[in-house]
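K.L.:
Please work out how this folds:
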Amino acid sequence: MIRRLVSLALILSSLSLAARAADLAAWSPQPEEHPTTIALQGMLSRVKESIGRFQPNLLPVAAASNQNKLIAGLQSGEIGVAVLTSSTVSRLAPQAKMLALPFLFRDAKQMFKQLDGEVGKELEQAMADKGMIVLGWYDGGSRSFYMRNRPTRSVSDLDGLKVRIPNRADLRETVSSLGGQPQTLAYHEVNAAFESGAIDAAENDLLSYEADQHYKRAKFFITSNHAVQYETLVVSAVIWNKLSDAERAGLREAGHDSALADREIWAKRMIAARTRLEKEGVKFIEQRDSTAFASRVAAAYKPWMENPATSPLLLKLMTARS
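P.N.:
Below you'll find the predicted structure:
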């Protein structure tokens, strides 16, 4: 009898160890030192401690850079946890494209008020229908303009400027509407384009502007916040459905705390970056002519406002902005 009990205990122990060894693949779209990946790593450490049967394994950035493979991996459970960029979320929940409208939010704080509320719940349901459970909303960085030779103090100062953009239709339309000439260039070409005079300006978030030393070629940074972006922390529904109620509650708490940590890291990094760059001679110009800027991009809002399926949500967002 004792031998049988010992054998049973060994079997249960081996099964438990096998369960603990189960790999939980996780993915971030950002490099290791980025706030997104730091916050995700913090959450994965908590998962390892609280849900011992999973062994989190952070995949390299390139492993899931293809959006189709990323989505398929999450839907199959091959990828258990991931941080999705707003463009990926828009593919899964088309109404999320509305959040990319220019000058929709003044800053990240205003955006998170919506994502942590009713707007976020609507998107969470749409994501759940596609096999992904939203655990939290991360900061994706607010994009602003920076100039090589002169600052932009009013919307008319953008007229005729050659502005580098990534290959994004929304940013192309925004720059064109503001009077600039959008120049689609690869990111690694920006510094050389500034030096040669091929571009007069570019746009990106402050941390990218600092990290890739664009500030050495473009000393005027205008806080336009024309695109306030988010990222979304999700877990595959395949993994979620394997968890107990207690494990789900623990994972939700870890995800929520991770999102708050990400926002705090971003805020601290932004303050530190601005302080350092001011010492490097960068001139920060606060964009105050918001009404004039917003009026020039009004055409981007028209299709959403004329669509009965999307106009209620857009009105809700615009009311919250005012």
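K.L.:
what sits up against stretch 179-199?
P.N.:
148, 155-156, 158-167, 171-172, 175-176, 201-202, 212-214, 216-218, 296 (Cβ atoms under 8 Å, 6 or more residues apart in numbering). C-beta coordinates here come from the backbone N, C-alpha and C atoms, glycine included.
K.L.:
Average pLDDT for that stretch, rounded please.
P.N.:
The pLDDT scores in stretch 179-199 average 97.
K.L.:
again, but for stretch 59-67
P.N.:
On average, stretch 59-67 scores 93.
K.L.:
Now that stretch: buried residues?
P.N.:
residue 64 (16 or more other Cβ atoms under 10 Å).
K.L.:
now swap in stretch 301-309 and tell me
P.N.:
For stretch 301-309, by 16+ other Cβ under 10 Å, it's 301, 304.
K.L.:
Figure out how far it is from the centre of its chain.
P.N.:
25 Å (Cα atoms, centre = their mean, to the nearest Å).
K.L.:
In helices only, show me the contacts of stretch 179-199.
P.N.:
Counting by DSSP state H, the part of the contacts of stretch 179-199 found in helices is 171-172, 175-176, 296.
K.L.:
Point out where the stretch 151-300 of the chain drops to low pLDDT.
P.N.:
Applying pLDDT under 70 to the stretch 151-300 of the chain picks out residues 289.
K.L.:
For it, which segments are assigned as helices?
P.N.:
Shown for the stretch 151-300 of the chain, the helices assigned by DSSP state H, counting those that start in this stretch span residues 169-177, 190-196, 206-211, 237-240, 245-279, 290-296.
K.L.:
Can I get those in CSV including mean neighbour count and distance to residue 35?
P.N.:
Shown next, in CSV, are the helices of the stretch 151-300 of the chain (neighbours: other Cβ atoms under 10 Å; distance: least, Cβ to Cβ, whole Å):
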stretch, mean neighbour count, distance to residue 35
helix 169-177, 18, 22
helix 190-196, 16, 21
helix 206-211, 19, 8
helix 237-240, 18, 24
helix 245-279, 16, 4
helix 290-296, 15, 26
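K.L.:
among the ones you listed, which is nearest residue 305?
P.N.:
helix 290-296 (13.6 Å; Cβ to Cβ).
K.L.:
Could you list the residues in contact with the closest one?
P.N.:
102-103, 106, 154-155, 177-179, 224, 226, 287.
K.L.:
cool, and stretch 33-46?
P.N.:
Outside stretch 33-46, the residues that reach it (Cβ under 8 Å, 6+ apart) are 24, 26, 28-31, 56, 58, 81, 83, 135, 138-139, 207, 231, 233, 250, 254-255, 257-259, 261-262, 265-266, 269.
K.L.:
Now do it, average pLDDT.
P.N.:
96.
K.L.:
Give the buried residues for it.
P.N.:
Those would be 34-40, 42-44, 46, for stretch 33-46 by 16+ other Cβ under 10 Å.
K.L.:
Helices - which of these land there?
P.N.:
35-40, 42-44, 46.
K.L.:
Excluding chain neighbours, what is closest to residue 175?
P.N.:
residue 182 (4.2 Å; Cβ to Cβ, 6 or more residues apart in numbering).
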